[in-house]
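K.L.:
this one's structure only:
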């Protein structure tokens, strides 16, 4: 089916008391695995790619946003469940413009280094450009701490201020607001609870759907409570990549000399198939928590 407007997906999630998972992809196998899991559970889903990673200045080769756009649109068109398609967490306005042109129907400008005024003005301009093309805009107020070292580094994190969040939404017309309420980016070890009292305060003051990044590190019961407070989108990436990499490392520990058996033949030795199945199974472990299974 064609891409489903994400605001339709969010409205249905709010009405139904569930959230959609954004299980981030980075290649065709991970995208296939995400759609496989959504179809198996009959779940609407947000598919997509990291705008931050694709746009990263330190990349050794330049990636073409158009290729990612074509891949995601093709995946949605062939999927039997509703799909939204996000260009996630990109700090570069020109890359987001490319993503809109490439067919993503949800884009997120994320620039923690920007001042409030600069970020607010850029988001407002983005909303004006995106909405006439049927593209929704996600933004974030507050900054998540980082857990990639194995410990939570809160030095650069800041919790979302409810009053500032309400002001920002009124000034920009943004469609989805992601918040910092105890969730952590790239939490590679363990899980922790959210500040549900702060989330409830935000919900009272903000009249649009809410999102949570750092889903890999959020405790299940805390996440379920957050969904009842208006969270409609939860981002997952870290644990899915961890499972994918563990599978590839295991699969490559082999004496097989025929490279085609390892790449492309599709059998039990094929690391591409193994990666796809690893992503699917990792998602199946978490997607039920969101309450979206059977909602497609």
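P.N.:
Arrived safely, thanks for sending. All figures in this text were calculated on a predicted structure; none of them were measured in a lab.

K.L.:
make it CA atoms for all contacts and neighbour counts henceforth
P.N.:
Noted.

K.L.:
Now residue 234. Its backbone dihedrals?
P.N.:
Backbone torsions of residue 234, given as degrees, to the nearest 10, read phi -130, psi 130.

K.L.:
Measure how buried it is and give me the count.
P.N.:
As a burial measure, residue 234 scores 23 neighbours (other C-alpha atoms under 10 Å).

K.L.:
Could you list everything it pairs with in the sheet?
P.N.:
Taking DSSP bridges as the rule, residue 234 bridges to residue 21, residue 212.

K.L.:
can I assume it is in contact with residue 20?
P.N.:
Yes: contact criterion C-alpha atoms under 8 Å: residue 234 and residue 20 qualify, at 6.4 Å.

K.L.:
Mutual contacts of those two, please.
P.N.:
Residues touching both residue 234 and residue 20 by C-alpha atoms under 8 Å, 6 or more residues apart in numbering: none at all.

K.L.:
how far away is residue 224 from residue 66?
P.N.:
Using C-alpha to C-alpha, to the nearest Å, residue 224 is found at 36 Å from residue 66.

K.L.:
What does the pLDDT read for the residue sitting furthest away from the middle of the chain?
P.N.:
For the chain, the largest distance from the centre (C-alpha atoms, centre = their mean) belongs to residue 257, which lies 37.6 Å off. In this model, residue 257 is scored at 94, pLDDT.

K.L.:
May I have the secondary structure class of the closest residue to residue 42 other than its chain neighbours?
P.N.:
Nearest non-adjacent residue to residue 42, counting by C-alpha to C-alpha, 6 or more residues apart in numbering: residue 294, 4.7 Å away. Of the three states, residue 294 takes coil according to DSSP: H, G, I helix; E, B strand; the rest coil.

K.L.:
measure residue 294 to residue 286 for me?
P.N.:
14 Å.

K.L.:
in this protein, which ranges drop under the pLDDT threshold?
P.N.:
Judged against pLDDT under 70, the chain has no low-scoring part.

K.L.:
Tell me which stretches of it form strands.
P.N.:
In the chain, the strands defined using DSSP state E lie at 20-23, 45-50, 83-90, 106-109, 136-141, 176-179, 210-212, 231-236.

K.L.:
The residue nearest to residue 42 reaches residue 38, doesn't it?
P.N.:
No: using C-alpha under 8 Å, residue 294 is not in contact with residue 38, being 9.4 Å away.

K.L.:
Neighbour count for these two, which is higher?
P.N.:
Shown here are residue 294 and residue 38; by other C-alpha under 10 Å, residue 38 has more neighbours (29 against 13).

K.L.:
Wait, that one touches residue 46, no?
P.N.:
No: between residue 38 and residue 46 there is no contact under C-alpha under 8 Å: 9.6 Å.

K.L.:
What about the nearest residue to residue 31 once chain neighbours are set aside, how many residues nearby?
P.N.:
Counting by C-alpha to C-alpha, 6+ apart, residue 31 lies nearest to residue 25, which is 5.2 Å off, once chain neighbours are set aside. Neighbour count of residue 25, defined by other C-alpha under 10 Å: 22.

K.L.:
is residue 25 in a bridge, and if so with what?
P.N.:
residue 49.

K.L.:
ok, so what distance separates it from residue 240?
P.N.:
In terms of C-alpha to C-alpha, residue 25 sits 9 Å off from residue 240.

K.L.:
just residue 3 next, same as before
P.N.:
23 Å.

K.L.:
try residue 26
P.N.:
According to C-alpha to C-alpha, residue 26 and residue 240 sit 11 Å apart.

K.L.:
Of these two, which one has the most company?
P.N.:
Neighbour totals were compared for residue 26 and residue 240, and residue 240 leads with 21 against 15 (other C-alpha under 10 Å).

K.L.:
Enumerate every residue touching the more buried one.
P.N.:
23, 279, 282-283.

K.L.:
Over to residue 169?
P.N.:
177, 206.

K.L.:
Would you mind measuring from it to residue 145?
P.N.:
23 Å.

K.L.:
In this structure, what residue spans correspond to helices?
P.N.:
Taking DSSP state H as the test, the helices found in the chain are 6-16, 28-41, 51-54, 65-78, 93-102, 116-130, 162-172, 196-205, 220-227, 238-251, 259-262, 271-286.

K.L.:
okay if I get these as JSON lines plus distance to residue 149?
P.N.:
Shown next, in JSON lines, are the helices of the chain (distance: least, C-alpha to C-alpha, whole Å):
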{"stretch": "helix 6-16", "distance to residue 149": "33"}
{"stretch": "helix 28-41", "distance to residue 149": "24"}
{"stretch": "helix 51-54", "distance to residue 149": "18"}
{"stretch": "helix 65-78", "distance to residue 149": "29"}
{"stretch": "helix 93-102", "distance to residue 149": "28"}
{"stretch": "helix 116-130", "distance to residue 149": "28"}
{"stretch": "helix 162-172", "distance to residue 149": "29"}
{"stretch": "helix 196-205", "distance to residue 149": "26"}
{"stretch": "helix 220-227", "distance to residue 149": "23"}
{"stretch": "helix 238-251", "distance to residue 149": "13"}
{"stretch": "helix 259-262", "distance to residue 149": "32"}
{"stretch": "helix 271-286", "distance to residue 149": "22"}
